[in-house]
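S.K.: all I have is the shape, not the residue letters:
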């Protein structure tokens with residue numbers, strides 16, 4: 001049993017009799033060297049630890065060795081037998097080598113064919129015994145194995161079939177298939193990993209009591225079983241064990257962040273019930289039940305002496321801004337300030353106008369500060385004067401972009417920071433807003449992206465969450481339709497009719513597929529991002545050209561894409577809002593949250609290429625007025641499952657329900673994006689496993705309750721420190 005009070009020894013294992021720790025570079029490994037090390041690095045493999053944690057995405061099941069007489073077409077099989085004949089020919093017109101071998105066992109013989117691998121004839125000479133794994137195909141001369149994976153095996157007697165499966169890496173048992181890149185195949189990765197596993201002994205950071213409680217394997221066995229499992233059950237148990245480790249660390253980190261936050265001081269704002277009721281009664285609409293619940297949760301949080309840390313989730317158009325405004329109004333009347341931080345100038349300007357019109361109180365001063373605008377109530381004002389008034393606390397509510405985070409913007413009495421649309425900030429960022437006081441502002445993050453409960457539990461473990469599902473009563477349901485290519489003419493006529501009636505239209509098009517997807521993945525980094533960006537631009541430019549020149553030459557068609565400068569994007573969105581354009585062709589990144597009440601049609605090209613949650617977000621750009629709105633999904637796919645997915649959007653307008661379906665269909669990694677979440681791949685892939693998340697959360701709480709500094713668990717403490725360097729919450 002491991003003594004948890006001893007400091008963690010260095011994890012060691014042996015290769016060729018020489019001790020190495022897991023931080024050693026892979027270039028030191030035999031059969032890697034300077035040629036393959038850069039290729040491995042493209043997969044994120046720089047050290048021996050990276051190599052061992054480069055986990056299989058799936059397994060080929062070659063557990064059973066099939067007698068040659070029983071193989072059938074299109075079957076993936078493992079056969080074992082003797083090479084009775086092998087020849088290699090060069091096909092001159094095609095400049096190709098073809099190697100043909102006849103393999104025989106007790107029941108029969110079959111041909112195996114390899115292309116452009118003439119060296120195989122030397123590796124598998126006649127008389128050699130071989131284990132082959134691959135797909136059975138049928139040619140004009142009968143069944144054959146097409147380019148099977150091969151391994152030499154020892155000669156065996158006819159009575160002892162399948163003599164040495166445990167020594168085989170590539171052709172027998174559950175064979176791991178890994179993420180690959182050019183020059184690095186799964187076969188090569190198996191070749192590197194299997195010898196290491198035979199001697200490895202890993203120190204386990206997860207307490208033994210937890211392993212026993214959930215019947216988890218020890219870390220050494222888990223790593224061995226995830227690479228070369230002897231059964232599907234053991235592979236699944238190994239995955240759960242490794243995912244649990246990361247999920248538990250993530251939960252520990254979240255709880256520690258919350259504890260750190262709770263030790264900070266904030267301005268407690270008393271809940272002024274009469275003031276809030278009077279403000280609500282003066283609104284031109286009635287709050288929904290969900291809005292009232294979210295507001296109550298926020299106002300109760302503001303009473304605390306430590307900073308609020310709350311995420312308000314609400315479908316597009318569910319009325320999150322007015323909830324935040326009521327909290328800001330109470331804070332203003334208590335003599336303190338609120339900052340609304342928006343991602344774009346257009347959205348900041350929209351918030352400014354909305355808040356100004358709803359507040360309707362001469363005593364409340366509202367300011368707007370962006371890179372190109374500075375206003376106080378209805379007057380333009382120099383940035384210098386506006387900043388002075390912010391500093392002296394004369395302005396109660398400040399709406400702005402990142403311009404409010406500049407060093408020369410000082411706040412006199414800041415109590416609340418409201419951040420709109422996927423801009424999460426932690427303690428350090430909040431501290432930049434409060435430079436002359438020990439008090440930390442309360443934080444309210446708002447997002448219109450519905451997040452499944454399991455994701456929210458894990459990704460936002462340090463946040464309290466308020467959810468607004470109900471839509472305002474005066475909103476009509478958006479009519480959603482799937483349109484095949486054969487109906488495009490009718491759809492274009494419908495769009496023309498809507499514009500004739502004074503309405504406007506969004507057209508969203510997906511990225512043009514890059515000719516070589518592997519190349520896109522392989523290049524990575526900045527170049528890959530540039531490729532994607534240019535593919536987005538190309539798609540929009542082509543659609544804009546088609547619509548403006550061929551389909552609607554008499555209408556005003558604008559376009560929006562990522563290569564435009566922020567000022568140009570803001571101008572186009574403002575012009576569209578002001579009715580200067582009839583149609584706006586855009587990439588998938590339409591300015592979030594922008595309210596265009598006159599837009600009634602959202603047309604989405606190749607809708608099957610987007611996830612359900614994203615399609616729902618696009619749909620939410622329309623339906624923001626009393627006019628009936630429509631979402632038209634163009635689909636060129638005849639795939640049955642794709643059409644079922646799009647029909648789910650037609651039948652459901654609940655973003656949270658769709659988000660759950662989307663995660664079930666695409667998996668959490670695709671839904672959320674590992675880079676966004678900060679979670680390692682295996683933990684990310686396990687986010688649909690609610691039971692595992694609950695276990696990780698419960699154990700994290702118990703550990704910190706029993707040992708707040710984890711001093712009795714030095715291995716876990718060390719792993720947590722390492723984990724925090726590579727993960728983030730913001």
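M.R.: Structure's in. What do you need? In this text, all values refer to a predicted model and were calculated from it rather than measured experimentally. Residues are numbered from 1 along each chain as shown.
S.K.: and the next element down the chain from the helix ranked longest in the chain?
M.R.: Using DSSP state H, we find that the single longest helix of the chain is helix 232-262. Using DSSP states H and E, the next helix or strand after helix 232-262 towards the C-terminus is helix 273-281.
S.K.: just checking, what packs against that next one?
M.R.: Other helices and strands packing on helix 273-281, by 3 or more C-beta pairs under 8 Å, 6 or more residues apart in numbering; DSSP states H and E, are helix 320-333. C-beta here means a position set from N, CA and C on the backbone, and glycine is covered the same way.
S.K.: got the contact list for the helix it packs on?
M.R.: Residues outside helix 320-333 that contact it (C-beta atoms under 8 Å, 6 or more residues apart in numbering) are 269, 271-272, 275-276, 279-280, 283, 287, 291, 294-295, 298-299, 302, 312, 314, 337-338, 340, 351, 354-355, 358-359, 361, 363-364, 396-397, 415-416, 418, 420, 444, 446, 448, 468.
S.K.: what helices or strands is the helix or strand following it leaning on?
M.R.: Using DSSP H and E, the helix or strand that follows helix 320-333 towards the C-terminus is strand 337-341. Contacts defined by 3+ C-beta pairs under 8 Å, 6+ apart place strand 337-341 against helix 320-333, helix 345-359, strand 397-400, strand 414-420.
S.K.: now tabulate the ones you listed in a markdown table and tack on mean pLDDT.
M.R.: Formatted as a markdown table, these follow (pLDDT from 0 to 100):
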| stretch | mean pLDDT |
| --- | --- |
| helix 320-333 | 95 |
| helix 345-359 | 86 |
| strand 397-400 | 94 |
| strand 414-420 | 91 |
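S.K.: closest one to residue 627 among the ones you listed?
M.R.: Residue 627 lies closest to helix 345-359 among the helices and strands packed on strand 337-341, at 18.8 Å (C-beta to C-beta).
S.K.: on that earlier part again, which of the contacts of helix 320-333 are buried? Put it as a PyMOL command.
M.R.: Restricted to buried positions by 16 or more other C-beta atoms under 10 Å, the PyMOL selection for these reads:
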select buried, resi 269+276+279+287+291+294+295+298+299+302+312+314+337+338+340+351+355+358+359+364+396+397+415+416+418+420+444+446+448+468
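S.K.: and residue 27, how close does it get to residue 178?
M.R.: According to C-beta to C-beta, to the nearest Å, residue 27 stands 19 Å off from residue 178.
S.K.: which one of these two has more residues nearby?
M.R.: Here residue 27 and residue 178 are compared on neighbour count by other C-beta atoms under 10 Å; more neighbours surround residue 178, at 19 against 16.
S.K.: so who does the more buried one touch?
M.R.: Taking C-beta under 8 Å, 6+ apart, one finds 54-57, 186, 189-190 in contact with residue 178.
S.K.: just confirm residue 445 is within a helix.
M.R.: No: going by DSSP: H, G, I helix; E, B strand; the rest coil, the assignment for residue 445 is strand, not a helix.
S.K.: that one pairs with what?
M.R.: In this entry, residue 445 is beta-bridged to residue 311, residue 419, by DSSP bridges.
S.K.: what does residue 78 give?
M.R.: Where residue 78 sits in a bridge, its partners, by DSSP bridges, are residue 65, residue 133.
S.K.: same question, the one 5 residues further on
M.R.: In this structure, residue 83 bridges to residue 103 when assessed by DSSP bridges.
S.K.: state the number of residues packed around it.
M.R.: Other residues close to residue 83 by other C-beta under 10 Å number 21.
S.K.: that older thread, now render the helices and strands packed on strand 337-341 as a markdown table, adding distance to residue 622.
M.R.: Output for those, formatted as a markdown table (distance: least, C-beta to C-beta, whole Å):
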| stretch | distance to residue 622 |
| --- | --- |
| helix 320-333 | 18 |
| helix 345-359 | 16 |
| strand 397-400 | 25 |
| strand 414-420 | 20 |
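S.K.: figure out the helix or strand that residue 558 lives in.
M.R.: Using DSSP H and E, residue 558 sits within strand 557-560.
S.K.: typo on my end, residue 174
M.R.: Assigned by DSSP H and E, residue 174 belongs to strand 173-177.
S.K.: what residues of that strand count as buried?
M.R.: Buried positions in strand 173-177, judged by neighbour count with 16+ other C-beta under 10 Å: 173-176.
S.K.: could you do stretch 385-403 as well?
M.R.: Across stretch 385-403, burial judged by 16+ other C-beta under 10 Å covers 386-387, 389-390, 395-401, 403.
S.K.: distance to residue 720 added to those residues, as TSV?
M.R.: Output for the buried residues of stretch 385-403, formatted as TSV (distance: C-beta to C-beta, whole Å):
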residue	distance to residue 720
386	44
387	41
389	45
390	39
395	42
396	42
397	40
398	38
399	39
400	36
401	35
403	37
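S.K.: and which of those is nearest to residue 249?
M.R.: Looking across the buried residues of stretch 385-403 and measuring by C-beta to C-beta, the closest to residue 249 is residue 401, at 34.6 Å.
S.K.: backbone dihedrals for that closest one, both of them.
M.R.: Backbone torsions of residue 401, given as degrees, to the nearest 10, read phi -100, psi -160.
S.K.: residue 374 is in contact with that one, correct?
M.R.: No: counting by C-beta atoms under 8 Å, residue 374 is not a contact partner of residue 401; they are 11.6 Å apart.
S.K.: mean confidence score for stretch 481-498?
M.R.: Across stretch 481-498, the average pLDDT comes to 91.
S.K.: same question, stretch 52-72
M.R.: Regarding stretch 52-72, the rounded mean pLDDT is 90.
S.K.: next one: it to chain centre, how far?
M.R.: 30 Å (C-alpha atoms, centre = their mean, to the nearest Å).
S.K.: mind listing what's buried in it?
M.R.: 52-56, 59-60, 62, 65-68, 71.
S.K.: name the element residue 411 belongs to?
M.R.: Residue 411 belongs to no helix or strand, assigned by DSSP H and E.
S.K.: again with residue 304
M.R.: Residue 304 belongs to no helix or strand, assigned by DSSP H and E.
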